[in-house]
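# predicted model and sequence below, questions to follow.
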Amino acid sequence: MTVLLGIDLGDRRIGVATGDTATGAVRPLLTLRRGTPQQDAEAIGRICAERHAERVVVGLPLKLDGSDSEQTERTRDWAGQVAYALDLPLTLRDERHTSAQAEARMGRVPRGRSGGAPSAAARDAWRARIDREAAAGIVQRELDALAGREVSS
(Lines give C-alpha, C1' and ligand atoms only; values in the text may rest on other atoms or scores of the structure.)
Protein backbone atom coordinates (compact mmCIF):
# COMPACT_ATOMS: atom_id res chain seq x y z
CA MET A 1 0.00 0.00 0.00
CA THR A 2 1.21 3.47 -0.88
CA VAL A 3 -0.34 6.69 0.32
CA LEU A 4 -0.17 9.56 -2.17
CA LEU A 5 -0.44 13.22 -1.27
CA GLY A 6 -2.07 15.28 -4.01
CA ILE A 7 -1.36 18.97 -4.47
CA ASP A 8 -3.40 21.57 -6.34
CA LEU A 9 -0.99 24.52 -6.46
CA GLY A 10 -2.48 27.98 -6.78
CA ASP A 11 -1.06 31.46 -6.53
CA ARG A 12 -2.37 31.95 -2.97
CA ARG A 13 -3.46 28.51 -1.78
CA ILE A 14 -2.47 24.86 -1.98
CA GLY A 15 -5.23 22.26 -2.02
CA VAL A 16 -4.20 18.95 -0.44
CA ALA A 17 -5.76 15.49 -0.72
CA THR A 18 -4.69 11.89 -0.07
CA GLY A 19 -5.10 8.72 -2.06
CA ASP A 20 -4.45 5.09 -1.21
CA THR A 21 -3.18 2.73 -3.91
CA ALA A 22 -4.48 -0.36 -2.10
CA THR A 23 -8.10 0.73 -1.68
CA GLY A 24 -8.34 3.45 -4.32
CA ALA A 25 -9.81 5.77 -1.68
CA VAL A 26 -9.31 9.48 -2.27
CA ARG A 27 -9.95 12.11 0.37
CA PRO A 28 -9.75 15.91 0.21
CA LEU A 29 -7.78 17.02 3.28
CA LEU A 30 -7.07 20.69 3.73
CA THR A 31 -6.03 23.93 2.10
CA LEU A 32 -2.76 25.63 2.92
CA ARG A 33 -1.83 29.26 2.44
CA ARG A 34 1.09 29.58 0.01
CA GLY A 35 4.44 30.71 1.33
CA THR A 36 7.92 30.35 -0.05
CA PRO A 37 8.74 26.99 -1.63
CA GLN A 38 10.75 26.14 1.50
CA GLN A 39 7.82 27.00 3.80
CA ASP A 40 5.46 25.05 1.55
CA ALA A 41 7.83 22.04 1.61
CA GLU A 42 7.96 22.13 5.42
CA ALA A 43 4.16 22.18 5.68
CA ILE A 44 3.76 19.44 3.06
CA GLY A 45 6.50 17.40 4.74
CA ARG A 46 4.62 17.52 8.05
CA ILE A 47 1.44 16.35 6.33
CA CYS A 48 3.33 13.55 4.56
CA ALA A 49 4.74 12.39 7.91
CA GLU A 50 1.34 12.55 9.64
CA ARG A 51 -0.40 10.68 6.81
CA HIS A 52 2.52 8.31 6.07
CA ALA A 53 2.51 9.52 2.46
CA GLU A 54 5.28 8.02 0.36
CA ARG A 55 4.77 10.04 -2.83
CA VAL A 56 3.59 13.51 -3.77
CA VAL A 57 1.55 14.24 -6.91
CA VAL A 58 1.41 17.86 -8.06
CA GLY A 59 -1.14 19.03 -10.60
CA LEU A 60 0.47 20.45 -13.74
CA PRO A 61 -1.58 23.30 -15.24
CA LEU A 62 -1.32 22.73 -18.98
CA LYS A 63 -3.19 24.77 -21.59
CA LEU A 64 -6.29 23.13 -23.02
CA ASP A 65 -4.29 22.01 -26.06
CA GLY A 66 -1.77 20.29 -23.77
CA SER A 67 1.03 22.81 -24.24
CA ASP A 68 2.91 24.63 -21.50
CA SER A 69 2.12 28.10 -20.16
CA GLU A 70 3.91 30.47 -17.80
CA GLN A 71 2.00 28.85 -14.93
CA THR A 72 3.20 25.42 -16.08
CA GLU A 73 6.81 26.56 -15.80
CA ARG A 74 6.23 28.22 -12.41
CA THR A 75 4.66 24.98 -11.16
CA ARG A 76 7.58 22.90 -12.43
CA ASP A 77 10.05 25.26 -10.71
CA TRP A 78 8.10 25.11 -7.44
CA ALA A 79 7.77 21.33 -7.64
CA GLY A 80 11.51 20.94 -8.20
CA GLN A 81 12.33 23.02 -5.14
CA VAL A 82 9.74 21.25 -2.98
CA ALA A 83 10.82 17.78 -4.16
CA TYR A 84 14.43 18.56 -3.26
CA ALA A 85 13.42 19.75 0.23
CA LEU A 86 11.03 16.84 0.84
CA ASP A 87 13.32 14.07 -0.37
CA LEU A 88 10.25 12.12 -1.52
CA PRO A 89 9.28 11.01 -5.02
CA LEU A 90 7.25 13.72 -6.71
CA THR A 91 5.16 13.25 -9.85
CA LEU A 92 3.56 15.90 -12.04
CA ARG A 93 0.06 15.00 -13.27
CA ASP A 94 -2.07 16.84 -15.84
CA GLU A 95 -4.68 18.81 -13.91
CA ARG A 96 -6.74 20.22 -16.77
CA HIS A 97 -10.40 20.61 -15.77
CA THR A 98 -9.95 19.42 -12.14
CA SER A 99 -11.06 22.76 -10.67
CA ALA A 100 -13.95 23.06 -13.11
CA GLN A 101 -15.05 19.51 -12.28
CA ALA A 102 -14.84 20.29 -8.55
CA GLU A 103 -16.94 23.42 -9.04
CA ALA A 104 -19.51 21.47 -11.05
CA ARG A 105 -19.79 18.87 -8.26
CA MET A 106 -20.11 21.47 -5.52
CA GLY A 107 -22.27 24.02 -7.28
CA ARG A 108 -22.08 27.74 -6.76
CA VAL A 109 -20.97 29.46 -3.60
CA PRO A 110 -23.95 29.48 -1.18
CA ARG A 111 -25.92 32.68 -0.65
CA GLY A 112 -25.51 34.65 2.54
CA ARG A 113 -27.71 34.02 5.60
CA SER A 114 -30.16 36.73 4.62
CA GLY A 115 -30.30 35.47 1.04
CA GLY A 116 -27.93 38.11 -0.26
CA ALA A 117 -24.47 37.80 -1.67
CA PRO A 118 -22.11 35.52 0.24
CA SER A 119 -19.65 37.13 2.60
CA ALA A 120 -15.97 37.36 1.72
CA ALA A 121 -15.27 34.69 4.35
CA ALA A 122 -17.85 32.37 2.78
CA ARG A 123 -16.36 32.89 -0.69
CA ASP A 124 -12.86 32.20 0.65
CA ALA A 125 -14.03 29.02 2.42
CA TRP A 126 -15.79 27.83 -0.77
CA ARG A 127 -12.67 28.55 -2.86
CA ALA A 128 -10.50 26.62 -0.36
CA ARG A 129 -12.88 23.67 -0.61
CA ILE A 130 -12.64 23.79 -4.42
CA ASP A 131 -8.83 23.63 -4.07
CA ARG A 132 -9.08 20.51 -1.86
CA GLU A 133 -11.54 18.88 -4.24
CA ALA A 134 -9.28 19.68 -7.22
CA ALA A 135 -6.36 18.07 -5.34
CA ALA A 136 -8.55 14.99 -4.89
CA GLY A 137 -9.13 14.96 -8.65
CA ILE A 138 -5.37 15.08 -9.24
CA VAL A 139 -4.82 12.13 -6.88
CA GLN A 140 -7.63 10.21 -8.59
CA ARG A 141 -5.98 10.74 -11.98
CA GLU A 142 -2.69 9.42 -10.60
CA LEU A 143 -4.39 6.35 -9.11
CA ASP A 144 -6.15 5.74 -12.42
CA ALA A 145 -2.84 6.03 -14.29
CA LEU A 146 -1.15 3.61 -11.89
CA ALA A 147 -3.99 1.14 -12.37
CA GLY A 148 -3.89 1.51 -16.16
CA ARG A 149 -7.23 3.32 -16.29
CA GLU A 150 -5.91 6.70 -17.38
CA VAL A 151 -8.34 8.73 -19.44
CA SER A 152 -7.46 11.87 -21.36
CA SER A 153 -8.74 15.26 -20.25
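Thanks, I have it.
# name the residues of the helix or strand containing I47 that are buried.
Assessed by DSSP states H and E, I47 sits inside helix 37-51. For helix 37-51, burial by neighbour count (16 or more other C-beta atoms under 10 Å) applies to 37, 40-41, 43-45, 47-48, 51. Where C-beta positions appear, they are placed from N, C-alpha and C, glycine not excepted.
# can you tell me the average pLDDT over it?
For helix 37-51, the mean pLDDT works out to 96.
# which other helices and strands contact that helix?
strand 3-9, strand 13-20, strand 26-33, helix 70-86 (3 or more C-beta pairs under 8 Å, 6 or more residues apart in numbering; DSSP states H and E).
# partners of the first one, with directions?
The strands beside strand 3-9 in its sheet (DSSP bridges) come out as strand 13-20 (antiparallel), strand 55-60 (parallel).
# now the ones you listed in a markdown table, with mean neighbour count?
As requested, the strands paired with strand 3-9 are arranged in a markdown table below (neighbours: other C-beta atoms under 10 Å):
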| stretch | mean neighbour count |
| --- | --- |
| strand 13-20 | 24 |
| strand 55-60 | 24 |
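# ok, which of those comes nearest E70?
strand 55-60 (13.0 Å; C-beta to C-beta).
# need the contact partners of that closest one.
2-9, 19, 44, 48, 72, 75-76, 78-79, 82-83, 86, 88-95, 98, 134-135, 138-139, 142 (C-beta atoms under 8 Å, 6 or more residues apart in numbering).
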